[in-house]
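**Q** kindly return the folded structure for what I paste below:
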Amino acid sequence: MPAKRAVDLTVGLFLLLLLSPVLIAAGAAVALTSPGPVLHRETRIGLCGRTFARFTFRTARAGPGPVRQPTPVGRLLHRCLLDGLPQLLNVVRGEMSLVGPAPLPPRRHGRPVGADRARLGVRPGVTGLWQISGRSELPWEEMSVLDLHYVDQHWLGLDLVILARTVPAAVAGRRPHGAGRRSAKAA
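**A** Numbering: from 1, shown residues only. Predicted coordinates:
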């Protein structure tokens, strides 16, 4: 969808420029308060099953181990929805879209079926129906249903609705979940 990519690139670059003071301040806060890299890279599955490194601000102490301890700055960045801003780099690079299905880690893709297979036909998004409908509070099955609904119904107008519902939650510094499941399907 060339129009969607043009919007992603234009808006992504605009947001990177507009938010550059916030990105610099957040990066400096991460660097000055705990040792380790500023950006956290996680392998994710993108368009056509290609892997990419999704960027976020590091919110936990660097080091080995399955249990990562969050830093005070990391908790603040997460609570204010700032930890995901580096994903705008992924949007500009063409690995992600502003709106799309949730980017999945490779372990979810042994042999993708259903929503997992369908989501490989579109770029994963920084936000999506899953985020405005409850994000981490949703069970995996419901998140998959929302992703499949987006893949089947995606068009620029739906993207604009999702973006419009994401922005107020981000500005208010809370996770978007007040919209409820019923209204997300109506979007």
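
**Q** C-alpha only now, for contacts and for neighbours.
**A** Will do.

**Q** where do the strands sit along this structure?
**A** All strands of the chain, identified by DSSP state E, fall at 39-45, 51-57, 97-99, 125-127.

**Q** contact partners for the residue nearest the centre of the chain?
**A** By Cα atoms, centre = their mean, the chain has its centre lying nearest to residue 126, at 2.9 Å. Counting by Cα atoms under 8 Å, 6 or more residues apart in numbering, residue 126 makes contact with 84, 87, 88, 96, 97, 98, 99, 100, 102.

**Q** export these to CSV and tack on distance to residue 49 and neighbour count?
**A** Formatted as CSV, these follow (distance: Cα to Cα, whole Å; neighbours: other Cα atoms under 10 Å):
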residue, distance to residue 49, neighbour count
84, 22, 17
87, 18, 23
88, 20, 26
96, 12, 28
97, 15, 28
98, 18, 26
99, 18, 26
100, 15, 23
102, 13, 26
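
**Q** confidence-wise, which of those residues comes last?
**A** On pLDDT alone, residue 102 ranks lowest of the contacts of residue 126, at 86.

**Q** tell me if I'm right that it and residue 122 touch.
**A** No. Look at residue 102 against residue 122 with Cα atoms under 8 Å: they stay out of range, at 10.5 Å.

**Q** list the residues that contact residue 139.
**A** No contacts exist for residue 139 under Cα under 8 Å, 6+ apart.

**Q** nice, that's everything, thank you.
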